[in-house]
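Pasting the sequence and the predicted coordinates here, then a few questions.
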Amino acid sequence: MTVAAPRNPSSRPSLTALVALLTAVLLGTGCTSGDRPEPDQATGTSAAAPARPALKTRLVTTAKVPPSGPDARRAAMQAAPGLQRFLDRYLTVAFVEAAGGEAGWDRLLGLFDKPVRASARRQLDALSLGAAAPSVRAVRPDRASARAVVLYRERRPAAATVRVVFDGTADTAKGSGEVHLRSVLQLLASGGGWRIAAFDSRTGPPR
């Protein structure tokens, strides 16, 4: 497996699909009315916000190893926990914890390798809630799954290609609607864990 060089990710449907989804679809005719209580007009207080739901990615991992390397099945099992933690963190920061607005998106961008961070910042709408985040009260994960192929160098993971699927429900002040992510992430392993070195990502309705 060759790790793809950084390239311009596909963001064509993201701004029109996600932002329009959370404005026109969520706030338009036929949206589901929110169940959150209105603030107490006499005291100016409101009910406590519900706890964010936990997100756990269902991950299927395979490994490609050199002839003198470890057993491929064991290598995949070895790499899976770290990959799963990384993907859980990515989807949580990009969607679940982004509701209400993510100031600067520094936590999300910190998951990217330095040479592609500027590109990732320009493509936030294709990688996360992006510009729609301030209008979203909460994101409830419905499905988070991934398939990873890990490339080993000698006896250690060096890189991985990961196909990520995320489906969730976004709640706004006036209704709820679906959010979706479909990504192919090229990851590099380092002493500090995994980093995204290249990506092809989009948000919006699945196709």
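Happy to help now that I have it.

Mind listing what's buried along the lengthiest helix in the chain?
When the chain is parsed with DSSP state H, its longest helix is helix 72-91. Using 16 or more other Cβ atoms under 10 Å as the burial criterion, the residues of helix 72-91 that qualify are 75-76, 78-80, 83-84, 86-91. To be clear about C-beta, it is placed using only N, CA and C from the backbone, and glycine gets the same treatment.

repeat for stretch 156-166
Using 16+ other Cβ under 10 Å as the burial criterion, the residues of stretch 156-166 that qualify are P157, A159, A160, T161, V162, V164, V165, F166.

Helix or strand next in line after the lowest-mean-pLDDT helix or strand in the chain, which one?
Least confident helix or strand, the chain: helix 26-27 with a mean of 30, by mean pLDDT, DSSP states H and E. The helix or strand immediately downstream of helix 26-27 is strand 58-64, counting by DSSP states H and E.

mind listing what the most centrally placed residue in the chain touches?
Closest residue to the average C-alpha location of the chain: L91 at 3.2 Å, with Cα atoms, centre = their mean. By Cβ atoms under 8 Å, 6 or more residues apart in numbering, the residues touching L91 are L55, T57, P141, A144, V164, F166, L181.

was I right about the fifth one contacting R143?
Think V164. No - counting by Cβ atoms under 8 Å, R143 is not a contact partner of V164; they are 10.9 Å apart.

overlap in contacts of those two?
By Cβ under 8 Å, 6+ apart, no residue touches both V164 and R143.

low-confidence ranges in this structure?
For the chain, residues meeting the criterion pLDDT under 70 lie at 1-53, 103, 207.

go with 80
Counting by pLDDT under 80, the ranges of the chain that qualify are 1-54, 102-104, 192, 205-207.

ok, of the buried residues of stretch 156-166, which one's closest to A173?
Taking Cβ to Cβ as the measure, A173 lies nearest F166 of those, at 23.0 Å.

and that closest one, helix, strand or coil?
Under the three-state scheme (DSSP: H, G, I helix; E, B strand; the rest coil), F166 adopts strand.

show me the contacts for it.
Counting by Cβ under 8 Å, 6+ apart, F166 touches L91, F95, P141, R143, A144, V179, H180, L181.

who's it bridged to?
Beta bridges link F166 to A144, L181 when assigned by DSSP bridges.
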